[in-house]
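J.: need a structure here:
(chains A, B and C)
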Amino acid sequence: MAVTTPEALRTQTAAVLDKVGFLRRFLRARIWHGAEWYITVLGGAILVTVAGVTVLAPVLAPHDPNEFIGAQFTVPGGGRQALLARNGEVPIAGDADLAGVVIGVQRNRNGANLAKRLGAEGVRFEDQQALVGGLKAGEVDLILIDESVGQELAAADSQLELVATGLGLRFVLGTDNLGRDITSRLIWGARTVLGVALSSALLASSFGIPLGLLSGFVAGRLDKVLSLTMDSIYSFPGFLLAIAMATMLGPGVINVAIAISVIYIPTFFRVVRGQVLSIKEQLYVEAARSLGARATDILIRYIFPNVIPSVVVVFSLNIADAILTEAGLSFIGLGLPPDVPDWGYDLSKGHQFLIAGYWWMITFPGVLISLVAAGFSLLGEGLSEMLNPRLSET
Amino acid sequence: MNSPSGAANGTLVEVRGLTKWFPVQTGLLDRLLAGRTDYVHAVDGVSFEIRRGEVFGLAGESGSGKTTVGRLVIHLEKPTEGTVHFDGVDLASLSSEDLRRLRRRMQVIFQDPMASLNPRMSIRASIEHPVRIHFPDDREGHEGMVREILERVGLTPPEIFLDKYPHQLSGGQRQRVVIARALVTRPELVLADEPIAMADVSVRALLLDLMIQLKELLSLTYLFITHDLATARYICDRIGIMYLGKLCEIGDLREVYAHPLHPYTQALMAAVPVPDPHGRRTQPMPVGEIPNAINPPSGCRFHPRCPVARLDRCSVEEPELRELRPGHRVACHFAEDFL
Amino acid sequence: MSPVTPGELLLQVCNLNVSYKTRTGPVSAVSDVSLDIYRGEILGLVGESGCGKSTLGRALMRMLPRSARIEGQILFHGREVLGFDDRQLRELRGRGISMIFQDPMTSLNPVQRIGDHLTEAVQVHESDGGKADLRQRIGTLVERLGIMRQRLSDYPHQLSGGMRQRVMIGLGVVLSPDLIIADEATTSLDVIVAAKLLDQLREIREEFGVTIILITHNIAQVAELADRVAVMYAGRIAEVGSVYDVFDGPQHPYTQGLLRSVPSIKLEDREELYKMPGEPPNLLSPPAGCRFHPRCPEAMSICSRIAPGLLPTMPGRLVNCWLYQEHSEKDGPAARTTARGAA
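T.: Below you'll find the model as predicted:
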């Protein structure tokens, strides 16, 4: 059959490709699709990584995301806990055994936990001044303070000496204001975010796709009513709608998923309906009618399979958007209860403490939200290009 | 030719006064301003019959309405007026369920094989589908029927083709699959709408031959729609020439080709190039072009272009089909001049 | 049978190869094609879809997509077209060679009036010249083609299909090119309109003395209009000769088979059509040797190994087939010099 018409070219190359295995097709696609291939693969790689992290959360996360185990505002890298000792006494080295040592901690749960973990007894002070005073007064053997403060104090007071480098705990990305390890929060938060995004996409598609199929296929008054409804929802600013729904439904992971899914039902509906309308006109659908096929048969075996490629794309983009919306909802404090680790929540807290200079609280959640949303977007856009190629030069 | 329809006297399809008007799509504003809807007169008062076992050709250029007539005959469209009787049954009188069941007996071979096969269904699935629809109880027999028809259309051994998808086949093979799908339910009437127009030139003869063989083998009747009078000559027994929604001439093929009596038929036949440089056309072509079907010319629709039109009659009165030679009818006031 | 009147040699194609890049490798769309085109003639370039005729036509004007690789020589008035820079190419297109396309609806700009189409075409090449003069010139031209002068202010959608095709011809002719390539110009037209178009091409050849290459898959049209015919198969030229010689005595088995398989409307012509076995080949992996050999009733062992060349059997008559050529490895009947008759 002819080669130089684009249709025939696709036919022949497709015929050859079917003979080779999936991996080779995968690699060959790189040559064919060029930039889109890289985009899609990049998006896919990001997602596979994130998905892996999500699944392996209990294994990967170094700490409990809700436990206040770190020092308040630990810088990225874990930072070193500085223990101040009285001048010249009790040298502490590495992971020393501190049983029997009395440590002064600043007034928050964080310090008390740490003292217990070190096997030492803890005494609480109101604030930093009192803490230092306590050390000097001999009420405690060591005090526990953040490294950034430690330098200043040591410089100001010659009597005080910094000891105990790297005392056990390392926080790769730092801790938040309550001493919770950010790395762990991010890893566990991935579950929340992806879970909500995925469920909202699934919910939205399970309503939007069938409605779109029906509307496009049956047409007539049903189509008009549905289209009008969907267009109204669609024209409403998505985020505002999500806020309204979240407020209505109240807090809870499921409720947030539902709230977000409502925004995306119209998108699925429109895309599917548009596809159905165009596929309906195809000759093979008419051929099916002339064979005597029933309407449901045509819808399920002829129209639906040809609609799926575009649905996959929308699904992917939907998840990307849902991630952002979910983060947005948590940012303004709606939806998720506080004990559920969530990136959006971290973002909001990080925003509060940004002025204090604790940049790591907002940066890492923000980067991750962008990365994962971008990953889904890239995957979706790349797939869209590959499945529905523009009429570019061969 | 007003014989009563029915299986007894060998008429399979009887078409009487078939008319189809399509409303022209206009915007709301146009409708408000114009105050009326325009219609495309795709088919206007066409009557003919198709006899069992024959290949009846319907030829014409674009706008002639031949494709629409085909679709009306198998009821893929509903006529605006007129009737279609299949084996004595008025198609419009059937319930949608009865009509669906009747489809087993009338099938279609479309022009574009790539477009008329579902790209996501395997060959087996595509051909089996009509079998499953019309013979739902005989599940074990389905595979056998599919294999048998694949062999009959020359796609042997069937095993290689069953699990393939349309894009994996060549153009000629695809058209054979389309033919197989149309014939697997053993229909009586096959509507072939330009079935070889998209095939390669060197492959067309094979496909035509296949269609003729299958007609003999399976006792088929074809309604063969084409714009190519040269092709029609090889397969059609009788032929009807259409122009702008009306039948101008109808009769036995050899008769019409040897003695074309309608000026349009004559022009159409002269226009077809002959693969012989010694036979170059000397006859001039009719002036003008096929007019718009929304407002067809008054009287005889061909009169503005007809070299022998006499305006006093031809622009006023629509000619009726009259039998001027045995089995040969013409719709022209002055066809006698060509006898 | 009148031999072709050898006018001046206008265009010479020598060993042209055109290949496209695809996902699975290069496709050889035109393979080792050599062709001479003489001033004032109508050459029919005929073959099935995928034979490379359109590719060849576009290659002459360097209008191929960027993924195409061209090798060989195209000499237009003795100058090498493949070496032209952009300015020279612009000169060539429209002035030297112009093309009439298949589908006039999509080839014309829907938001531009017909008159503007034509004036723009001229102004690209001739920046001087008064507007009034130009309008006059174009008005005369369209009237010669059968379009009323008033229609120049219409938009393409207001014209009928045949009129649009005539506008396309006008665009092709307005700069008085030396060569017009009609690429499947009749394929989407009705039979009568197509016949009129062929008449029109004949007329513009008489009136303007322009050379025409008629690219088509319809061999009957070539018989109707052309002086010489070149038959292409699977990217190669099978046979070239005057239209009478080729139709009365086709020499290449493909041409013979093709002529016997094409339906003819004349009742007195043959009843049986020759059913050529097989299908046109996949150009991703064309047959070795002669590309027609899998379908050829006269194939010999050499045909599947070594490709023949396009060589003359008579003056002005070229055939690409081992039946007419000698080779040391050939073990079949000796080359024949007399034409084989069609069945």
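J.: Mind pulling up the pLDDT for residue 150?
T.: No chain in the question, so chain A it is. Model confidence at residue A:150, expressed as pLDDT, equals 68.
J.: try chain B instead
T.: Note on residue B:150: pLDDT of 94.
J.: I figured it hits residue B:158, correct?
T.: Yes - Residue B:150 lies in contact with residue B:158 (CB atoms under 8 Å); the separation is 4.0 Å. Just so you know, the C-beta spots here come from the backbone N, C-alpha and C atoms, and that holds for glycine as well.
J.: Report the set of residues contacting both of the two.
T.: Taking CB atoms under 8 Å, 6 or more residues apart in numbering or on different chains as the contact definition, residue B:150 and residue B:158 share no neighbouring residue.
J.: Between those two, which has more neighbouring residues?
T.: residue B:150 (24 against 19; other CB atoms under 10 Å in any protein chain shown).
J.: From what I see, residue B:315 and residue B:299 are in contact.
T.: Yes - assessed by CB under 8 Å, residue B:315 is found in contact with residue B:299 at 4.4 Å.
J.: Any idea how many residues pack against residue 206?
T.: Because you didn't say which chain, this covers chain A. Residue A:206, neighbours per other CB under 10 Å, totals 13.
J.: wait, chain B
T.: Considering only other CB under 10 Å, residue B:206 is surrounded by 24 other residues.
J.: pretty sure it is in contact with residue C:275, am I right?
T.: Yes - under the criterion of CB under 8 Å, residue B:206 makes contact with residue C:275 at 4.6 Å.
J.: Could you chop chain A up by domain?
T.: A:47-60+A:181-387, A:81-163 (automatic domain parsing).
J.: And chain C, is the longest one touching that?
T.: Read that as domain A:47-60+A:181-387. No - Domain A:47-60+A:181-387 lies apart from chain C when judged by CB under 8 Å from any CB of the partner chain; the minimum separation is 12.1 Å.
J.: That domain: end-to-end distance?
T.: One end of domain A:47-60+A:181-387 to the other measures 20 Å (CA to CA, to the nearest Å).
J.: Nearest to chain B among the domains of chain A would be which one?
T.: Nearest to chain B among the domains of chain A is domain A:47-60+A:181-387; the distance by CB to the nearest CB comes to 3.3 Å.
J.: mean confidence score for the closest one?
T.: Per-residue pLDDT over domain A:47-60+A:181-387 has a mean of 87.
J.: Hmm, residue C:169 and residue C:107 touching each other?
T.: No - look at residue C:107 against residue C:169 with CB under 8 Å: they stay out of range, at 11.6 Å.
J.: which SS state does residue B:77 fall under?
T.: coil (DSSP: H, G, I helix; E, B strand; the rest coil).
J.: what number of residues lie near residue B:309?
T.: Counted with other CB under 10 Å, the neighbours of residue B:309 add up to 19.
J.: Could you tell me whether residue A:368 really is in a strand?
T.: No - Residue A:368: not assigned to a strand; according to three-state DSSP it is helix.
J.: possible to save the domains of chain A as CSV with distance to residue C:134?
T.: Shown next, in CSV, are the domains of chain A (distance: least, CB to CB, whole Å):
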stretch, distance to residue C:134
domain A:47-60+A:181-387, 44
domain A:81-163, 81
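J.: Could you say which of those is packed most deeply?
T.: domain A:47-60+A:181-387 (a mean of 19; mean count of other CB atoms under 10 Å in any protein chain shown).
J.: mind listing what residue C:141 touches?
T.: C:118, C:170, C:173, C:174 are the contacts of residue C:141 under CB under 8 Å, 6+ apart.
J.: let's go with 10 Å and repeat that
T.: Counting by CB atoms under 10 Å, 6 or more residues apart in numbering or on different chains, residue C:141 touches C:118, C:122, C:147, C:169, C:170, C:173, C:174, C:176, C:208.
J.: Sweet, I'm off.
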